[in-house]
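S.K.: one predicted model, sequence on top.
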Amino acid sequence: MNIAFFHHTLRLGSGIDTVIYELANRLAKYEDVTVFCFKTNYTEKDCNFHLQKIRSSFGNTTTKIMVLSPFILDKFGTLKSDLKRFDIVNTHHYPASYIIRNMKVPLHIVTEWSAVQPSMFSSIKEKLYVKWTRHANRVSAEKADVVLAPCEFVKNWILQNYSIHAITMFLDGVNFTIFNKNKVTADRILKLYPNRDIEKKKIILFVGRITESKNIHSLIEAFSLVKQKISDIILLLVGDYESYTAYYMRLLKLIKAKNIQDDVIFTGIVSWEDLPSYFAACTIYATCSLWEGFLRAESFAFNKPIICFNIGANSETVHDGETGFMIDDLNVDRFAERMYDLLTNDALANKMGENGYHWAKNNLDFDSISKRFRTFCQSEIRDHKHVAANKSFDT
């Protein structure tokens, strides 16, 4: 098979980009695989697949990629002819899916990850952008040959929002070679913050963009409540905050008002090499996010339980009372209570973490996911060729 993945970026640590990289790297052992993107911090030596960076006359700034490329690249340049040689083109999200919506490729598979509501953002600019991308993703899904959903929640979301029946397959997995509890230690991270003395404290970890839809302010509120009962705890917030300045400043004011400046650390974007050590160092993983198309499970690789709100696809990662806790009704007080339970009951936290490890190993190992994806692609190609042959015969 000749398989092409197309996404606007291929960056270390980014959610969708990680899925594409992990699948492409494994599939390339058996198939001819190329990843197309505008921006990447990978090099050819990092990959055993072909990496093709799209260069355009309108420039490769993020704004131009997101605004201009969907209306230009389907008409100009070599991308149109380049994609025709593949048996399958798999696109993920706007703008890639929208760019090739009208291109004639042998088989176009759109992986739809769902989308937040525009109302979750306070900025008019962000509201308009999210509204537009939701529309564009719907158009792309309607024109695709196959729509793939990474979990049952997204499958139902696609049906409700697009009236399209998608195929479900876990895609957002864990690389157990990199996130290896038997090899990775917390030492690398503990030495980064000597002034915080975090070696002697229990760590609550969050990893993700520091943006409104992630509801970081509620996580800080819950942490401050627990801090009143447990002194030796610290909150590590790992992720990009520089791109969301207004929200970040709002969080700093909240932290100051709660007088927990010494207990909350914004790390910014961390290296892919360092990230596993953060999970090894934490006691629990916590997220108050208001929307997740799929809640990633790297913490399970280190036997660490997850606490989250009962929203979106979270119930497909966290089994309440078994691998962590899910809190109904966005109840911050209840969230804090469950956080306290996990921080003060090591046996409970360890048992939930072990349960999470076994579930993730059985369901989310990228080695297994790539095998299922390859079988899926082979089946779709056979079905697509069969339908095409019948149409030709009828004609």
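M.R.: Looks like it came in fine. Numbers count the residues shown, from 1 in each chain.
S.K.: can you give me the helices in the chain?
M.R.: 15-27, 62-67, 69-72, 79-83, 96-99, 124-143, 152-162, 187-190, 216-227, 245-257, 275-281, 332-344, 346-363, 366-394 (DSSP state H).
S.K.: check contacts around Gln261.
M.R.: Ile255 (C-beta atoms under 8 Å, 6 or more residues apart in numbering). For glycine as for every other residue, the C-beta is placed from the backbone atoms N, C-alpha and C.
S.K.: how about the one 4 residues further on?
M.R.: Ile265 is in contact with Tyr193, Arg196, Ile234, Leu235, Leu236, Leu237, counting by C-beta under 8 Å, 6+ apart.
S.K.: before we move on, what about Thr317?
M.R.: Contact partners of Thr317, counting by C-beta under 8 Å, 6+ apart, are Phe294, Leu295, Arg296, Ala297, Ile306, Thr323.
S.K.: any idea how far Arg372 is from it?
M.R.: Note on Thr317: its distance to Arg372, by C-beta to C-beta, to the nearest Å, is 18 Å.
S.K.: then Lys45?
M.R.: With C-beta to C-beta as the criterion, Lys45 and Arg372 are 28 Å apart.
S.K.: neighbour-wise, which of the two wins?
M.R.: Arg372 (12 against 7; other C-beta atoms under 10 Å).
S.K.: how about that one: what's its closest non-neighbour residue?
M.R.: Closest residue to Arg372 apart from its sequence neighbours, by C-beta to C-beta, 6 or more residues apart in numbering: Met169 at 6.1 Å.
S.K.: now Lys200
M.R.: Excluding the flanking residues, the one nearest Lys200 by C-beta to C-beta, 6+ apart is Asp232, at 6.2 Å.
S.K.: pretty sure that neighbour contacts Ile204?
M.R.: No. In this structure, Asp232 is not within contact of Ile204 by C-beta atoms under 8 Å, at 11.9 Å.
S.K.: in the protein, where is pLDDT below threshold?
M.R.: Residues of the chain that meet the criterion pLDDT under 70 lie in 56-64, 67-68, 70-77, 385-395.
S.K.: show me how it divides into domains.
M.R.: In terms of domains, the chain is parsed into 2-173+365-394, 187-363 (source: automatic domain parsing).
S.K.: out of the ones you listed, which is closest to Asn180?
M.R.: Among those, domain 187-363 comes nearest to Asn180, with 7.4 Å by C-beta to C-beta.
S.K.: please state the offset of the closest one from the chain centre?
M.R.: Its chain's C-alpha centre and that of domain 187-363 lie 16 Å apart, by C-alpha atoms, centre = their mean, to the nearest Å.
S.K.: any idea how far apart the tips of that domain sit?
M.R.: As for domain 187-363, its first-to-last residue distance stands at 29 Å under the measure C-alpha to C-alpha, to the nearest Å.
S.K.: which one of Asp232 and Ile204 is surrounded by more residues?
M.R.: Ile204 (25 against 12).
S.K.: show me what contacts the residue nearest to Arg372?
M.R.: Leu148, Ala149, Pro150, Ile369, Arg372, Phe373, Phe376.
S.K.: what's the burial count for the second one?
M.R.: The one in question is Ala149. Residues within reach of Ala149, counting by other C-beta under 10 Å, total 28.
S.K.: that one reaches Ala166, doesn't it?
M.R.: Yes. Ala149 lies in contact with Ala166 (C-beta under 8 Å); the separation is 4.1 Å.
S.K.: need the residues touching each of these two.
M.R.: What both Ala149 and Ala166 touch, as defined by C-beta under 8 Å, 6+ apart, is the set Glu112, Lys155, Ile158.
S.K.: of these - the most surrounded one?
M.R.: If you count neighbours using other C-beta under 10 Å, the busiest of those is Glu112, which has 27 neighbours.
S.K.: any idea how far that one lies from Arg338?
M.R.: Relative to Arg338, Glu112 is positioned 31 Å away (C-beta to C-beta).
S.K.: show me the contacts for the closest residue to Arg296 other than its chain neighbours.
M.R.: Once flanking residues are discounted, Arg296 sits nearest to Asp172: 5.8 Å by C-beta to C-beta, 6+ apart. Shown in contact with Asp172 (C-beta under 8 Å, 6+ apart): Gly15, Thr18, Val19, Pro150, Phe294, Arg296, Leu364.
S.K.: from Asn41, how far out is Pro276?
M.R.: For Pro276 relative to Asn41 (C-beta to C-beta), the value is 18 Å.
S.K.: ugh, typo on my part, it should be Ser271
M.R.: Ser271 sits 11 Å away from Asn41, going by C-beta to C-beta.
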